[in-house]
Structure formats: C-alpha cells, structure tokens
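> following is a predicted model, sequence given first.
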Amino acid sequence: MSIKADVVVIGAGMAGMAVAAHVAEAANVVVLEMEQQPAFHSTGRSVATYIENYGNEVVRGLNRASARFLNKPDPEFWHSALLKDRGLIYLAMAGNGDALNEMLAQSSDIVEISLEEAKARLPILRTEVLSRTLLEEGVKDIDVDAMFSGYRRLLRSRDGQINCSAEVTSLSRDNNVWRVETAKESFEAPVVVNAAGAWVDKIAAKAGLEPLGFTPKRRSVATIPVPEENGSPDAWPLCAEIGESFYFKSDAGKLLVSPADETPVEPHDAFADDMAIAEGLHHFSEATTIEVSRVEHTWGGLRTFSADKSHVIGFDPRTEGFFWFAGQGGYGIQSGEGGARSAAGLILNDALPASVESTGLSSAVLAPDRFLS
Ligand SMILES: Cc1cc2nc3c(=O)[nH]c(=O)nc-3n(C[C@H](O)[C@H](O)[C@H](O)COP(=O)(O)OP(=O)(O)OC[C@H]3O[C@@H](n4cnc5c(N)ncnc54)[C@H](O)[C@@H]3O)c2cc1C
C-alpha cells in the first residue's frame with residue numbers, strides 16, 4: 001500500500017521545509033528526509049547572515065522578496081523579527097585598496113569608512129596592515145532556528161507530514177502519478193519537489209532525468225576563543241577580506257572564522273578542510289591582533305550552485321510533475337522565503353506571487369529550461 005499525497009517534497013532542509021509549509025496551505029504534503037533529523041546538512045551549518053547585496057541579480061531579487069517576512073514575520077509564525085543588526089566591514093590589505101572599488105560601486109548601502117572608524121567598531125583590526133575599509137550597515141543576523149521551526153510548525157498546523165530516516169531510493173511515473181520509494185514505505189503523488197540540496201542531481205537521475213549540472217562546494221569554519229582583553233565580541237560587525245581569504249563573525253562570545261573556501265566536491269556529509277582552515281587562520285592573524293593558539297571546533301558544509309549561480313525553481317519540461325527547488329548556493333537562508341513563495345506559487349497557481357514579481361523577477365529566469373537546449 002502506498003501513502004497518497006498531492007505533493008511529495010524530497011529533503012527537509014530550509015528549502016524543503018519552507019516550500020512544504022507554503023504548499024500545504026492548499027495541498028496535502030509529505031516531506032521525506034533521509035537523515036534521522038531535519039536540517040542536518042547545509043541548513044544546520046550556515047553562518048546565519050542576511051546580506052541583501054550578496055549574489056547575482058536573481059539572488060538579490062529573492063533576497064529582497066524575503067526581507068519583509070524576515071523583518072516582520074506573521075505573529076503566529078514567530079513573535080518578533082528574525083533579523084538582528086550586525087553590519088559588515090569589508091577590508092583590503094595594504095596595496096590592495098583598489099579591490100574595494102567594485103564593491104563600493106555596487107550599492108549606495110555600502111560606504112567607505114576610515115581605518116580609525118573601522119577599528120572603533122572592530123577593535124582587533126591591525127590598521128597598519130590595511131589600506132581601506134568599507135561598511136555595509138544593513139547586514140543582519142538571521143535566527144535560523146526560529147525560521148526553520150516556524151516553517152515546521154506551519155507545515156504541521158496545515159496537516160503536512162514530515163518523515164525522517166526516509167531516504168528516497170527510486171522514483172517512477174505511471175498513470176500521471178509519481179511513485180516514490182523509501183526503504184520502509186512508498187508514496188504516490190502527482191507532483192514531486194526536488195529540494196535535496198547537494199543531492200538534487202542524484203534525485204533527478206533516480207527519476208530518469210539527465211542532471212542539470214549542479215556543483216556542491218565545500219566551505220569550512222573554525223570556532224576560536226577571543227582573549228579576554230578584547231572584551232565581548234558579540235556586538236562586533238561581521239568582517240570579510242575583499243580577496244575572500246577569510247571572513248569572521250562573533251557567535252556567543254567566540255569567533256567563527258572561515259577561509260571562504262569553495263572546493264567542488266561530490267555530495268556528502270561535509271567536514272572542514274584542515275589545510276584551508278590553517279590558511280584562513282593565517283590570513284586572519286595577519287589582519288587582526290589575535291594570535292590563534294587554539295581552535296575549539298571546526299565544521300564544514302556544502303553550498304550548491306547551478307551553472308549560472310542562480311536558484312532553479314520550476315517544473316522540469318522533460319517530464320510531468322517534477323519540480324526543482326535547487327541551487328540555493330550560499331544564500332539559501334536569506335533568500336529562503338522568497339524562493340519558497342516562488343516555488344509554491346508556481347506549483348499551486350502556475351505563477352510567481354506578486355511579492356516576488358515586484359522585485360523584477362520572472363519565472364523564466366528561475367526555470368530549469370535555461371539549462372536544457
Ligand atoms: C558554511 C556555510 C555558511 C553559510 N552561510 C549562509 C548564510 O550566512 N546565509 C545564507 O543565506 N546561507 C548560508 N549558507 C547556505 C545555506 O546554508 C544553504 O543555501 C541552505 O541551507 C540550503 O538549503 P537546502 O534545503 O537546499 O539544503 P539542505 O539543508 O542540505 O537540505 C537538503 C536535504 O535533502 C536531504 N536529502 C538528500 N537526498 C535525499 C534523499 N535521497 N532522500 C531524502 N532526503 C534527501 C538531505 O539529507 C538534506 O537534509 C551557508 C552554507 C554553508 C555551508
């Protein structure tokens with residue numbers, strides 16, 4: 001006996017949970033997750049930041065389409081804003097000041113500040129080795145746990161089902177219905193949503209489709225202590241070196257330092273690249289007064305990109321009822337609501353919602369068709 005639904009969503013990361021919650025308003029939804037708990041892969045490993053000017057034009061449109069919800073979610077979703085002020089300082093090392101020009105030209109929200117002002121905001125900077133600094137005040141922290149559990153609650157309140165330890169092993173379509181097999185159970189639904197993060201091309205292959213060419217890229221992060229004489233780092237802005245040799249952000253009294261690595265890998269349970277971490281910490285030590293003597297913890301995660309680095313949101317034209325919600329890259333949390341609303345609009349009404357169209361996006365720029373000749 002198969003369990004019947006209107007829509008089966010594969011993957012319970014931010015993408016799968018958010019689209020499932022929205023679609024469940026008008027359809028019977030089942031989410032299938034291979035791990036024992038949701039949000040185990042990329043979603044549980046982000047550095048929880050909202051940077052409106054991050055990503056290409058399509059990504060920025062989805063960021064903007066998410067901003068209102070993140071600033072003021074419905075009270076029944078979450079009782080307060082999901083964003084908190086953080087700010088971001090971009091720095092250029094001595095001799096590399098011109099590298100900031102492009103960033104400065106990108107948005108009027110990004111302004112140049114003196115090295116002294118940068119140091120006043122971020123006291124560990126070694127201004128003598130820097131040439132210039134920029135400030136993007138509007139950068140925020142995202143409460144990822146509150147956001148994810150909000151979608152989970154919303155889905156449950158709409159009678160959606162979440163099945164963990166349910167790895168999708170095969171997909172076949174017969175009589176206008178997808179049959180989705182896991183080791184324990186089978187499911188049937190006219191629509192399948194592929195929200196499997198780094199595994200989206202593997203899921204397509206199970207459905208007999210050629211891959212669209214996604215690349216998972218590993219990113220590593222180290223947690224280091226902050227020596228007491230520096231005071232509490234909690235109010236410090238995020239800081240990124242313009243050549244992407246490192247970035248760092250405070251978190252609960254410690255610093256998260258990433259070498260901003262982007263190594264293409266096969267989908268897997270990612271772990272930190274120790275060499276990349278060592279290199280990133282070396283650059284971090286050059287730019288700051290902190291000498292790293294101890295790393296408390298490291299982790300890695302996958303950021304999965306399409307070939308043009310934009311999200312892929314739409315029905316696959318090669319078969320019926322196979323929907324892609326993929327390629328969230330390094331922006332899947334901050335663009336999550338706009339992406340999920342787009343996906344739900346296309347699944348339920350064959351159209352993007354007005355809140356997404358008003359950012360200038362069209363379904364064509366999101367559709368998988370652009371990778372199929
Ligand atoms: C170090 C790091 C920092 C980041 N920082 C930020 C940030 O500051 N801001 C931001 O917006 N984004 C950030 N990101 C990116 C963000 O985390 C991702 O874009 C987002 O989490 C992707 O969500 P997802 O649901 O697509 O993928 P995932 O969270 O990976 O979810 C996909 C799910 O599909 C499941 N799955 C796969 N195959 C199957 C199968 N066969 N059957 C059933 N289930 C399956 C997996 O188990 C997984 O749970 C960061 C990422 C990393 C790694």
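All right, it came through fine.

> list the contacts for whichever residue of the stretch 51-200 of the chain sits closest to the ligand?
Of all residues in the stretch 51-200 of the chain, residue 197 sits closest to the ligand, at 2.8 Å by CB to the nearest ligand atom. In this view, the C-beta of every residue, glycine as well, is placed from N, C-alpha and C. With contacts defined as CB atoms under 8 Å, 6 or more residues apart in numbering, residue 197 is in contact with 11, 13, 15, 41-43, 216, 267, 302, 304, 326, 328.

> what's the answer for residue 27, then?
Here residue 27 is in contact with 5-7, 347-348 (criterion: CB under 8 Å, 6+ apart).

> can we see that at 10 Å?
Contacts of residue 27 were listed using CB atoms under 10 Å, 6 or more residues apart in numbering, and they are 5-7, 20, 158, 160, 189-191, 344, 347-348.

> check which helix or strand it maps to.
Assigned by DSSP states H and E, residue 27 belongs to neither a helix nor a strand.

> ditto for the one 10 residues further on
Counting by DSSP H and E, no helix or strand carries residue 37.

> let me see the backbone angles for it.
phi -140, psi 150 (degrees, to the nearest 10).

> stretch 168-182 near the ligand anywhere?
Yes - using CB under 6 Å from any ligand atom, stretch 168-182 reaches the ligand at residue 168.

> list the contacts of that stretch.
When contacts are defined by CB under 10 Å, 6+ apart, stretch 168-182 is touched by residues 2-5, 7-8, 10-11, 30, 32-34, 163, 165-167, 183, 186-192, 194, 196, 199, 202-209, 319-322.

> at 6 Å what do you get?
Residues from elsewhere that reach stretch 168-182 (CB atoms under 6 Å, 6 or more residues apart in numbering): 8, 10, 32, 166-167, 187-190, 192, 206-207, 321.

> intersect those with the contacts of the ligand.
Checking these against the ligand (CB under 6 Å from any ligand atom), the matches are 10, 32, 167.

> name the element the nearest residue to residue 77 once chain neighbours are set aside belongs to?
Computed as CB to CB, 6 or more residues apart in numbering, the closest residue to residue 77 that is not its neighbour in sequence is residue 150, at 4.5 Å. Using DSSP H and E, residue 150 maps to helix 144-157.

> next: residue 256.
strand 254-258.

> any buried residues in that strand, and which?
By neighbour count, with 16 or more other CB atoms under 10 Å as the criterion, the buried positions of strand 254-258 are 254-258.

> what does stretch 90-109 give?
Buried positions in stretch 90-109, judged by neighbour count with 16+ other CB under 10 Å: 90-93, 99-100, 103.

> kindly check the end-to-end length of it for me.
Using CA to CA, to the nearest Å, the end-to-end distance of stretch 90-109 comes to 13 Å.

> and that stretch, how far from the chain's centre?
Remark: stretch 90-109 is offset 24 Å from the chain centroid, using CA atoms, centre = their mean, to the nearest Å.

> how far away is residue 255 from the ligand?
For residue 255, the distance to the ligand equals 14 Å [CB to the nearest ligand atom, to the nearest Å].

> and that residue, bridged to which residues?
The bridge-partner assignment for residue 255, based on DSSP bridges, gives residue 224, residue 250.

> which pLDDT value goes with it?
Looking at residue 255, its pLDDT reads 97.

> touching, it and residue 248? I think so.
Yes - contact criterion CB atoms under 6 Å: residue 255 and residue 248 qualify, at 5.2 Å.

> need the helices for the stretch 101-250 of the chain, in chain order.
Along the stretch 101-250 of the chain, counting by DSSP state H, counting those that start in this stretch, helices occupy 101-106, 115-121, 144-157, 200-206.

> so which of the contacts of residue 197 sit within helices?
Judged by DSSP state H, the contacts of residue 197 include residue 15 as members of helices.

> got a markdown table for the contacts of residue 197, with distance to residue 62, pLDDT and neighbour count too?
Shown next, in a markdown table, are the contacts of residue 197 (distance: CB to CB, whole Å; pLDDT from 0 to 100; neighbours: other CB atoms under 10 Å):
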| residue | distance to residue 62 | pLDDT | neighbour count |
| --- | --- | --- | --- |
| 11 | 18 | 99 | 30 |
| 13 | 16 | 98 | 25 |
| 15 | 12 | 99 | 31 |
| 41 | 20 | 98 | 25 |
| 42 | 16 | 98 | 24 |
| 43 | 16 | 98 | 25 |
| 216 | 20 | 98 | 23 |
| 267 | 23 | 98 | 17 |
| 302 | 19 | 98 | 22 |
| 304 | 15 | 99 | 23 |
| 326 | 13 | 99 | 31 |
| 328 | 9 | 98 | 29 |
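
> where does this structure come near the ligand, residue by residue?
10-16, 32-35, 40-43, 45-49, 167-168, 195-199, 203, 219, 221, 301-303, 328-334.

> endpoints of stretch 240-250, how far apart?
The straight-line separation of the ends of stretch 240-250 (CA to CA) is 12 Å.

> contacts for it, please.
Residues contacting stretch 240-250 (CB under 6 Å, 6+ apart): 47, 90-92, 99-100, 233-234, 236, 238-239, 255-260, 280, 283-284.

> stretch 7-16 now?
Contact with stretch 7-16 is made by 20, 23, 27, 29-33, 38-39, 42-43, 168, 180, 187, 189, 191-197, 203, 325, 328, 332-333, 336, as judged by CB under 6 Å, 6+ apart.

> dump it to CSV, keeping only the CA atoms.
The C-alpha coordinates for stretch 7-16 follow below in CSV (Å, rounded to 0.1, in the frame of the first residue of the first chain):
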residue,chain,number,x,y,z
VAL,A,7,2.8,16.8,-3.3
VAL,A,8,5.9,14.8,-2.1
VAL,A,9,8.9,17.1,-1.1
ILE,A,10,12.3,15.4,-1.1
GLY,A,11,14.6,17.0,1.5
ALA,A,12,13.9,18.6,4.9
GLY,A,13,16.4,21.5,4.8
MET,A,14,15.3,25.1,4.7
ALA,A,15,14.2,24.8,1.1
GLY,A,16,12.1,21.7,1.5
